[in-house]
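Asker: here is my input, please return the structure:
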Amino acid sequence: MQTHQAKKVEISIETVMLRRLTEALKKAGVSGWSVLPVLGGSGRSGEWSREGQISRGTGLVQVVCIIRPEKLDTLLDAAFAVVETHIGVVCVSDCAVLRAERF
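Answerer: Now for the predicted structure:
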């Protein structure tokens, strides 16, 4: 089966910033993403867990996008404009997809 090169971008961001991020992605021409809950982790501020939190507006989510390589810079510019002043991590990796026309 033939595979095609793509980029996987994972953006971990505060839940309250999700709408702002997805709007920026739309404006950048990104046509699809998945949003995953982040249940806990550890970082500069120490360990944390979503367990026991009452509000849906707290915590982090991870937005995962798979895009064509030529769209990467536009996506990163849009994502950075949102995360540069807030908690957020952006990771980029190479991946292979089976149906390139979907991206």
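Asker: when you work out contacts or count neighbours from here on, use the C-alpha atoms and nothing else.
Answerer: Noted.
Asker: which stretches of the chain form strands?
Answerer: Assigned by DSSP state E, the strands in the chain fall at 4-14, 34-38, 40-43, 46-49, 60-67, 88-97.
Asker: now the ones you listed as a markdown table including distance to residue 20?
Answerer: Listed next are these as a markdown table, based on distance: least, Cα to Cα, whole Å:
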| stretch | distance to residue 20 |
| --- | --- |
| strand 4-14 | 11 |
| strand 34-38 | 13 |
| strand 40-43 | 22 |
| strand 46-49 | 24 |
| strand 60-67 | 12 |
| strand 88-97 | 13 |
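Asker: so of those strands, which one's packed in deepest?
Answerer: Ranked by mean neighbour count, the strands of the chain are led by strand 60-67 with a mean of 22 (mean count of other Cα atoms under 10 Å).
Asker: got any ranges where the chain has weak pLDDT?
Answerer: Residue ranges of the chain with pLDDT under 70: 48, 51-58.
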